[in-house]
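Participant: structure for this input, please:
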Amino acid sequence: MHYYIIDTETTGLIAGFNEIFQISIIRETDKNQISRNIKIQFMDRVHADALRITGKTKQDLLIGDSKESVTKEIDDFLNADGSNPEGRVFVAHNAPFDQRHCHALWASVNKTFPANYWLDTKEISRIWQK
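Facilitator: Numbers count the residues shown, from 1 in each chain. Now for the predicted structure:
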């Protein structure tokens with residue numbers, strides 16, 4: 001199994017409606033990282049709380065690459081492990097959130113997110129606190 005740590009920043013909570021504007025992934029095996037800004041398409045869907053939480057402005061959300069180019073770059077980064085979606089585990093704090101948004105982003109460019117397994121550190125921390 002290949003493990004990846006992921007974090008995303010979004011314009012709101014609703015996957016498929018709100019957009020990822022920043023994504024960062026670290027490959028555990030070699031500690032290589034890819035971080036990209038994605039230029040958003042729907043400024044009218046930006047939630048004020050998302051800007052407040054991330055410290056970004058609406059102008060910041062216009063700086064970045066297209067979602068097509070970013071998903072291709074990330075696919076290439078992941079494929080460098082020689083594996084497939086069955087051989088990858090993504091680790092995130094509140095993984096269901098990142099998972100929904102990643103799947104929506106890849107679907108918006110007619111692709112499938114290239115990992116099948118997710119590990120949620122938020123849920124793990126709840127279990128350990130009991």
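
Participant: in the chain, which spans are helices?
Facilitator: 48-54, 67-79, 95-108, 121-129 (DSSP state H).

Participant: please identify the most buried of those helices.
Facilitator: A comparison of the helices of the chain by mean neighbour count, using mean count of other C-beta atoms under 10 Å, puts helix 95-108 on top with a mean of 18. All C-beta atoms are positioned from the backbone trio N, CA, C, and that covers glycine.

Participant: and that helix, average pLDDT?
Facilitator: In this model, helix 95-108 has a mean pLDDT of 98.

Participant: identify all contacting residues around that helix.
Facilitator: With contacts defined as C-beta atoms under 8 Å, 6 or more residues apart in numbering, helix 95-108 is touched by 6-8, 10, 13, 15-16, 18-20, 23, 38, 67, 71, 90, 92, 112-114, 118-123.

Participant: any idea of the angle it forms with helix 121-129?
Facilitator: Interaxial angle, helix 95-108 versus helix 121-129 (axes from the mean of the first three to the mean of the last three C-alpha atoms, to 10 degrees): 160 degrees.

Participant: so how far is helix 95-108 from its chain's centroid?
Facilitator: Offset of helix 95-108 from its chain centre (C-alpha atoms, centre = their mean, to the nearest Å): 7 Å.

Participant: repeat for stretch 106-124
Facilitator: Taking mean C-alpha positions (C-alpha atoms, centre = their mean), stretch 106-124 and its chain are 8 Å apart.
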